[in-house]
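Participant: Quick check, what structure comes out for this input:
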Amino acid sequence: MIKIDRLRFGTAGIPLSTPKPSTISGIEQVRKLGLDAMELEFVRGVNIKPEMAKKIKYVAQKNDVLLTAHAPYYINLNATEKAKVEASKRRIIQSAERLHEAGGWSVVFHAGYYLKQDPSKVYEKIKNEIKDIVRVLQDKGIDVWIRPELTGKPTQFGSLQEIIKLSQDVEQVLPAIDFAHCHARNKGKYNSAEEWREILSLIEKELGREALDNMHIHISGINYSEKGERNHLNLQESDMKWEDLLRVLKEFRVKGVVISESPNIEGDALLMKKKYEEIKV
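Facilitator: As a prediction, this is how the structure comes out:
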């Protein structure tokens, strides 16, 4: 597993300002902007070939840009049809394989939906499917973190407690903490230093210091309703107290990546990095 030396900031996908956008020119643009991470967005499928992954690895290492990946959105490890579950597992495995070939570190995915079932039964099913995924990856020597994400709607599997428990129960798994999703899922709560300290303290208590030294974080503004997440917003157009959040991350000496998922991806990534560097704890 790649050793992480600090908290890095980057974009969810190729920066919008990239001339002639491609994954490679995106990585070079991330570096030009003064950022140091980028998330490969496999949103509709894993669209990078193995040969290209090797080139991406070279460019990312040369530019000191840490790569993560977001597995495709069509994933439900709790689908009622077995074929859908198997296809979901393949998508996560393929994302991890390609990220590994590209020299990356951590792959995030939305694990599934409750489908009005008993959450404890859903947990067991999803846990067993993720164990299968990790077994396949370990057999292939693929050592990237597998990250079920804290999701933005109460109908989606992925509460903080569920993803912490998965990380305890399955090797090579750690949570992906999307602070905007946490805020939306809980109808406007989790937007204060006190609540964020509670989250990070819980992660450290349950998963140890290793989890805080290897955090995969998403931050953006968010629009939400009683039903949870509606859409992402730019930080300064939202109610997200992001400056306080960065202060808490510094206070806990968190290492890993902060990926900006705002509509203006690099604008907010730069805003956060600059602010983070100014904070004295």
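Participant: Give me the three-state assignment for residue 168.
Facilitator: Secondary structure state of residue 168, per DSSP: H, G, I helix; E, B strand; the rest coil, is helix.
Participant: I'd assumed residue 205 was in contact with it.
Facilitator: No - the pair residue 168 and residue 205 fails to qualify as a contact (Cβ atoms under 8 Å) at a distance of 11.2 Å. Any C-beta I mention is one placed from the backbone N, CA and C, and that applies to glycine too.
Participant: Ends of stretch 232-250, what's the gap?
Facilitator: With Cα to Cα, to the nearest Å as the measure, the ends of stretch 232-250 fall 24 Å from one another.
Participant: So what's the gap between that stretch and the chain middle?
Facilitator: 17 Å (Cα atoms, centre = their mean, to the nearest Å).
Participant: quick one, helices of the protein?
Facilitator: Residue ranges of the helices in the chain, as given by DSSP state H, are 23-33, 50-62, 82-101, 119-139, 160-169, 179-185, 193-207, 209-213, 242-251, 265-278.
Participant: May I see the buried residues of the third one?
Facilitator: The reference is to helix 82-101. Neighbour-count burial for helix 82-101, counted by 16 or more other Cβ atoms under 10 Å, picks out 84-85, 88-89, 91-101.
Participant: now stretch 103-119
Facilitator: For stretch 103-119, the buried set under the neighbour-count rule, 16+ other Cβ under 10 Å, comprises 103, 104, 105, 106, 107, 108, 109, 110, 111, 112, 113, 114.
Participant: and those residues, which of them are in strands?
Facilitator: Filtering the buried residues of stretch 103-119 for membership in strands, criterion DSSP state E, returns 106, 107, 108, 109, 112, 113.
Participant: which regions of this protein sit below the pLDDT cut-off?
Facilitator: Within the chain, no stretch has pLDDT under 70.
Participant: so which of the ones in strands among the buried residues of stretch 103-119 comes closest to residue 190?
Facilitator: The nearest member of those to residue 190, counting by Cβ to Cβ, is residue 108 at 18.7 Å.
Participant: Near the nearest residue to residue 131 once chain neighbours are set aside, how many other residues are there?
Facilitator: Spatial nearest neighbour of residue 131, excluding adjacent residues (Cβ to Cβ, 6 or more residues apart in numbering): residue 170 at 5.4 Å. Neighbour count for residue 170, taken as other Cβ atoms under 10 Å: 20.
Participant: doesn't residue 127 make contact with residue 170?
Facilitator: Yes - contact criterion Cβ under 8 Å: residue 170 and residue 127 qualify, at 6.4 Å.
Participant: List the contacts of the closest residue to residue 54 other than its chain neighbours.
Facilitator: Distances taken as Cβ to Cβ, 6+ apart put residue 101 closest to residue 54, at 6.4 Å, once the chain neighbours are dropped. Going by Cβ atoms under 8 Å, 6 or more residues apart in numbering, residue 101 touches 50, 53, 54, 57.
Participant: number of nearby residues for the last one?
Facilitator: This points to residue 57. 17.
Participant: show me the contacts for it.
Facilitator: Counted by Cβ under 8 Å, 6+ apart, residue 57 has contacts 101, 102, 103.
Participant: Not including adjacent chain positions, what is the nearest residue to the last one?
Facilitator: In this case it means residue 103. Nearest to residue 103 is residue 57, by Cβ to Cβ, 6+ apart, at 3.6 Å.
Participant: What separation do you get for the one you found and residue 191?
Facilitator: Distance check for residue 57 against residue 191: by Cβ to Cβ, to the nearest Å, it reads 38 Å.
Participant: try residue 251
Facilitator: Distance of residue 251 to residue 191, given as Cβ to Cβ: 17 Å.
Participant: Neighbour count for those two, which is higher?
Facilitator: residue 191 (20 against 14).
Participant: Quick check, that one in contact with residue 238.
Facilitator: No - using Cβ under 8 Å, residue 191 makes no contact with residue 238, being 9.8 Å away.
Participant: Overlap of the contact sets of the two?
Facilitator: The contact lists of residue 191 and residue 238 share no entry, where a contact means Cβ under 8 Å, 6+ apart.
Participant: And for the closest residue to residue 269 other than its chain neighbours, the neighbour number?
Facilitator: The spatial neighbour of residue 269 that comes closest, neighbours along the chain excluded (Cβ to Cβ, 6+ apart), is residue 260 at 3.8 Å. By other Cβ under 10 Å, the residues close to residue 260 number 31.
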